[in-house]
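Novice: the following block contains a protein sequence and its predicted model.
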Amino acid sequence: MCTSHKVMCKCGSSAADFTMRDEVLGHEVIRGLYCPECGKGVSVDKGTMLDDNGWIIEYDMEIAGFFGNRMNAPASGPTPEFVFDGGWCTWNGYCPGDIETAYYERQEIVKLMKTDPRAYVKALTEWGGKRARDLADKGWRKAKAAL
């Protein structure tokens, strides 16, 4: 089971939904979030931060380290990449705002479900693959990993 939590960026202009795999980590593991605007000029500390396409997540690695055994982290301890890429505290979807964006993009495809179920399945499959490729091409870490 996973939990989700919305976090506002430091400047307050944007937010991102995070999912926490198996409820091992709580939202407190996120020390800070910087959108591309408020992240300008932020020096990324590779020991506590992860930069994904201009969005910077600052993790509390002391908290992450405390739960390292439950996450099967390396003996040296979890890294921001391990926490993010392992799904322990990562975007809900491929990128910030992804769930909402995908919902609206799917609405036209969903209309096919009642009139042409085969076309619906085909369109949904093509849309999902194209969407992941497009997001990967734009540099989103989770989309790249999904391909």
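Specialist: Noted; the coordinates are in hand.

Novice: who does the one residue sitting closest to the centre of the chain form a beta bridge with?
Specialist: With distances taken as C-alpha atoms, centre = their mean, residue 91 lies nearest the centre of the chain, 1.6 Å away. Assessed by DSSP bridges, residue 91 has beta-bridge partners residue 18.

Novice: just to check, it is in contact with residue 17?
Specialist: Yes. At 7.1 Å, residue 91 and residue 17 qualify as touching, with contact defined as C-beta atoms under 8 Å. For every residue, glycine as well, the C-beta is placed using N, CA and C.

Novice: ok, the residue nearest to the centre of the chain - contacts?
Specialist: With contacts defined as C-beta atoms under 8 Å, 6 or more residues apart in numbering, residue 91 is in contact with 16-19, 52, 98, 142.

Novice: of all those residues, which comes closest to residue 79?
Specialist: residue 52 (14.1 Å; C-beta to C-beta).

Novice: hey, what's that closest one bridged with?
Specialist: The partner residues for residue 52, given DSSP bridges, come to residue 55.

Novice: still on that earlier bit, how near is the residue nearest to the centre of the chain to residue 75?
Specialist: 27 Å (C-beta to C-beta, to the nearest Å).

Novice: that older thread, would you list the contacts of residue 91 in JSON lines and tack on neighbour count?
Specialist: Output for the contacts of residue 91, formatted as JSON lines (neighbours: other C-beta atoms under 10 Å):
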{"residue": "16", "neighbour count": "22"}
{"residue": "17", "neighbour count": "16"}
{"residue": "18", "neighbour count": "23"}
{"residue": "19", "neighbour count": "16"}
{"residue": "52", "neighbour count": "19"}
{"residue": "98", "neighbour count": "19"}
{"residue": "142", "neighbour count": "19"}
